[in-house]
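Participant: no FASTA, just this:
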């Protein structure tokens, strides 16, 4: 049974040996973490489930550490002596994997035998920082389930949380579920990322909605608001709220502050024992409605891109261009096609010069490449198709410029060239505010050393959604 739910930040500077004097600037958070630890310890849990954003995060699966003994330290933050060891609960892990499989939610176990794959079998700081406070509060070395959320649909993460509760109930274990994550990283210019006005908005909404127990509204926070805020804890929250689904709880916000440009929220959810209606069906219906509305708003170019990729993924065939060819596609033009899934890039391929007879063919080939050949991503699968959002950028013919002063990252895309190397960056990208940034990123993509002499070209874009 779930005996408590928790929300905790994880900046390593909350550890006295690391934070030192800076702890005086996060006194509210330290006090909040101590209060949270006391609430958890007094419930005498038999297992602690922690959802972290800093473990092995996959685009298409949830991962869970699978070694019998789990350990971690804070060596990367200069404190190798601070070690954490907990037994795993492999029975819980195996039951959870089995339940998830019946709902087509991929769950993979990560062990030390996979070191050569670049995976981390150890506890990360998203887990060890909260553990420090729990240990200080008197938590025993009870079994731990170390979960890293995946970049899968939010509804699947919520369902995964529901399965956590089912497994805890079947095993009869008093279980605490802790959602580890910081809020916005864009609260101040001097923070880890540049300031964005959506940062404070996101944090304010999350704090209020958790404090008021408004789960459905919390799950409706738009993807663009979350992306602009630069958060890392939202998906952990979704799993936590799923573990509370169908059961009433009393929320309590212990603290919130953001002195270093990152929001630190500490909160607890105390189950009351009463039953409530499940929200899962509403979430699925909401998701389906969003898909319908998105398709109703599609421009003809985006509709053609979507239909082209769907036909190729589902049957391997290339659709013939529509007849008669719409006027906006009856021309030769270069184009980029971008795919997103839940606000995250899922593929992007394009051409700088038209290489096909018309824009319809250009879009068709580029969207197929974006979905199946972008080396940064695995090929799009059939079940993902309803989740994808498309945009099509139609490019003007590039023109050379003599100076960086002729660039404007909001209006123009840029091409940098040095010999056989070239890099391109589209205009009006989030976080790219100066021409110097734009050129620097394009050079990095091309593998050109910073400070090298390059030839510059600019182009304009018409963007279609």
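Facilitator: In hand now; what should we look at? What you see is a predicted model; the values in this text were computed from it and never measured.
Participant: how deep is the nearest residue to residue 425 once chain neighbours are set aside tucked in, by neighbour count?
Facilitator: Nearest non-adjacent residue to residue 425, counting by Cβ to Cβ, 6 or more residues apart in numbering: residue 442, 4.4 Å away. Placement of C-beta: from N, CA and C, glycine included. Number of residues near residue 442 (other Cβ atoms under 10 Å) recorded here: 23.
Participant: hang on, residue 442 packs against residue 427?
Facilitator: No. If you go by Cβ atoms under 8 Å, residue 442 and residue 427 don't touch, sitting 11.5 Å apart.
Participant: about what we covered before: could you say which helix or strand holds the residue nearest to residue 425?
Facilitator: helix 435-446 (DSSP states H and E).
Participant: Tell me the buried residues in that helix?
Facilitator: 435, 438-443, 446 (16 or more other Cβ atoms under 10 Å).
Participant: which stretch of helix or strand covers the closest residue to residue 350 other than its chain neighbours?
Facilitator: Once flanking residues are discounted, residue 350 sits nearest to residue 336: 2.8 Å by Cβ to Cβ, 6+ apart. Using DSSP H and E, residue 336 maps to strand 334-341.
Participant: Quick one: list the elements packing against that strand.
Facilitator: strand 344-350, helix 359-372, strand 388-395 (3 or more Cβ pairs under 8 Å, 6 or more residues apart in numbering; DSSP states H and E).
Participant: Okay, domains of the chain per the record?
Facilitator: 2-283, 298-395, 399-464 (automatic domain parsing).
Participant: could those domains be laid out in a markdown table, adding mean pLDDT?
Facilitator: Converted to a markdown table, these look like this (pLDDT from 0 to 100):
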| stretch | mean pLDDT |
| --- | --- |
| domain 2-283 | 94 |
| domain 298-395 | 94 |
| domain 399-464 | 92 |
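Participant: which element is residue 303 on?
Facilitator: Using DSSP H and E, residue 303 sits in helix 300-315.
Participant: so that helix versus helix 359-372, what angle?
Facilitator: 50 degrees (axes from the mean of the first three to the mean of the last three Cα atoms, to 10 degrees).
Participant: how big is the angle separating helix 300-315 from strand 344-350?
Facilitator: 100 degrees.
Participant: Going forward, count from 25.
Facilitator: Got it, the first residue is 25 from now on, which makes the last one we talked about helix 324-339.
Participant: could you say what helices and strands helix 324-339 packs with?
Facilitator: For helix 324-339, the packing partners by 3+ Cβ pairs under 8 Å, 6+ apart are helix 383-396, strand 412-419.
Participant: what's the first one packed up against?
Facilitator: Helices and strands in packing contact with helix 383-396 are listed as helix 324-339, strand 358-365, strand 368-374, strand 412-419; criterion 3+ Cβ pairs under 8 Å, 6+ apart.
Participant: returning to what we had before: orientation of the helix holding residue 327 relative to strand 358-365 in degrees?
Facilitator: Using the same axes, to 10 degrees, helix 324-339 lies at 60 degrees relative to strand 358-365.
Participant: Any buried residues in helix 324-339, and which?
Facilitator: 325-330, 332-334, 336-337.
Participant: and residue 113, how far is that from residue 145?
Facilitator: 16 Å (Cβ to Cβ, to the nearest Å).
Participant: what residues are up against the residue nearest to the spatial centre of the chain?
Facilitator: The chain has residue 175 as the residue nearest its centroid, 5.6 Å off, counting by Cα atoms, centre = their mean. Contacts for residue 175 (Cβ atoms under 8 Å, 6 or more residues apart in numbering) come out as 81-84, 259, 365-366, 368.
Participant: Next up, identify which helix or strand it is on.
Facilitator: Counting by DSSP H and E, residue 175 is found in no helix or strand.
Participant: need the contact list for the residue lying closest to residue 472 once chain neighbours are set aside.
Facilitator: Spatial nearest neighbour of residue 472, chain neighbours left out: residue 442 (5.0 Å); criterion: Cβ to Cβ, 6+ apart. Taking Cβ under 8 Å, 6+ apart, we find residue 442 in contact with 470, 472, 476-479.
Participant: Now the two most distant members of these.
Facilitator: Using Cβ to Cβ, these span at most 13.2 Å, a distance reached by 470 and 477.
Participant: mind checking how far the closest residue to residue 295 other than its chain neighbours is from residue 240?
Facilitator: Of all residues beyond its chain neighbours, the one nearest residue 295 is residue 273 (5.0 Å), with distances taken as Cβ to Cβ, 6+ apart. Between residue 273 and residue 240 the computed distance is 14 Å (Cβ to Cβ).
Participant: These two: which is more packed in?
Facilitator: residue 273 (20 against 12).
Participant: which of residue 113 and residue 145 has more neighbours?
Facilitator: Between residue 113 and residue 145, residue 113 has the larger neighbour count (other Cβ under 10 Å), namely 24 against 20.
Participant: Provide a list of residues in contact with the more buried one.
Facilitator: Counting by Cβ under 8 Å, 6+ apart, residue 113 has contacts 71, 167-169, 197.
Participant: I'd say residue 283 and residue 50 touch.
Facilitator: Yes. With contact defined as Cβ under 8 Å, residue 283 and residue 50 form a contacting pair (6.2 Å).
Participant: residue furthest from the geometric center of this protein?
Facilitator: residue 348 (41.5 Å).
Participant: mind checking how far the residue nearest to residue 441 when sequence neighbours are not counted is from residue 472?
Facilitator: Spatial nearest neighbour of residue 441, chain neighbours left out: residue 479 (4.5 Å); criterion: Cβ to Cβ, 6+ apart. Applying Cβ to Cβ, the value for residue 479 to residue 472 is 11 Å.
Participant: Beta-bridge partners for the residue nearest to residue 472, please?
Facilitator: Under DSSP bridges, the beta-bridge partners of residue 442 are residue 445.
Participant: Okay then, goodbye and thanks.
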